[in-house]
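Q: Have a look at this prediction, sequence included:
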Amino acid sequence: MRGLKGKCIVVTGAASGIGWACAHRLIAEGARVVGADIVDLPAGPLGPSGKPVTKRSWEFHLVDIADEGSVLQLVASAGRFGGRIDGLVNAAGVASGGPVHMLPAEEWDRVLRVNLTGTYLVAKHVINAMLGQPSVEGSRGAVVTVASIEGLEGTAGGSVYSASKGGVVILTKSMAIDYAGRGIRVNARCMSRLHRHSDDAAGVRGARVGAVESQCDR
Ligand SMILES: NC(=O)c1ccc[n+]([C@@H]2O[C@H](COP(=O)([O-])OP(=O)(O)OC[C@H]3O[C@@H](n4cnc5c(N)ncnc54)[C@H](O)[C@@H]3O)[C@@H](O)[C@H]2O)c1
């Protein structure tokens, strides 16, 4: 990751796991990060020196990505914080599943609402902001969605989770086609199993950052 110094990047799901690790790494690369999550974050990511990050490089908002009004507020805040929005990592998501005959319809709706509709809502409003800003060296911005290998291959009991991530893959491909000619790159990361927040005890976040980086470096 190079050329990120001073860039404003929105990261959802920033209170834990992959989102938190991405925020940490982006700040270490010199980016200014607007983190968002539905749960509060007691302490921000650490900077490259291991010290808490400054207000200039980090801002955090409580946001529900499944709620369009909440997403609109996040995007407006990010625009004020950074002057423009150069990037998005949409890492917020929920895990769930079970064979379909055992899956309540409410759970189907909940998972699709967060993982697929939420991805659409955040991308929609960030891309709208990017389209309204001048391009810099041919780029208006970059969007990364977080899908999963389960969205490509399915898995036992994956049902709604796999369906939601498969939807994210196809949505991402469509957005990439729609906006490539307007200076916005859109890509999905399809990762396999990493450590989860709930698996963790103390000291876990460092391990998780390494896991994310090793996937990114492939
Ligand atoms: N961990 C894995 O093995 C793995 C593998 C492939 C893909 N993924 C995907 O990566 C992403 C991050 O996963 P993780 O392992 O870091 O999980 P995690 O649970 O540690 O982090 C997800 C974050 O999203 C937040 N979130 C949930 N619903 C939200 C909402 N409506 N609005 C805003 N924030 C919300 C949660 O509060 C949480 O902080 C998810 O989309 C997940 O599906 C994870």
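A: Perfect, thanks for sending it.
Q: Quick check: phi and psi at the spatially most central residue of the chain.
A: Nearest to the centroid of the C-alpha atoms of the chain, with distances taken as CA atoms, centre = their mean, sits Asn90, at 1.9 Å. Note on Asn90: backbone dihedrals following degrees, to the nearest 10 are phi -100, psi 90.
Q: Which residues of this protein lie near the ligand?
A: 12-13, 15-19, 37-39, 63-66, 91-95, 114, 118, 146, 148, 191, 193-194, 196-197 (CB under 6 Å from any ligand atom). C-beta coordinates here come from the backbone N, C-alpha and C atoms, glycine included.
Q: how about a cut-off of 5 Å?
A: 13, 15-18, 37-39, 64-66, 91-93, 114, 146, 148, 191, 193-194, 196-197 (CB under 5 Å from any ligand atom).
Q: Below-threshold pLDDT in this protein: ranges please.
A: Counting by pLDDT under 70, the chain contains low-confidence ranges at 1-2, 42, 44-52, 195-218.
Q: Secondary structure element for the nearest residue to Gly166 once chain neighbours are set aside, which one?
A: For Gly166, ignoring the flanking residues on the chain, the nearest one in space by CB to CB, 6 or more residues apart in numbering is Gly151 at 4.2 Å. In this structure, Gly151 sits in helix 150-153 according to DSSP states H and E.
Q: OK, contacts around the nearest residue to Ala92 once chain neighbours are set aside?
A: Distances taken as CB to CB, 6+ apart put Gly13 closest to Ala92, at 3.5 Å, once the chain neighbours are dropped. Gly13 sits next to Gly19, Trp20, Ala36, Asp37, Asn90, Ala91, Ala92, Gly93, Val146 when contact means CB atoms under 8 Å, 6 or more residues apart in numbering.
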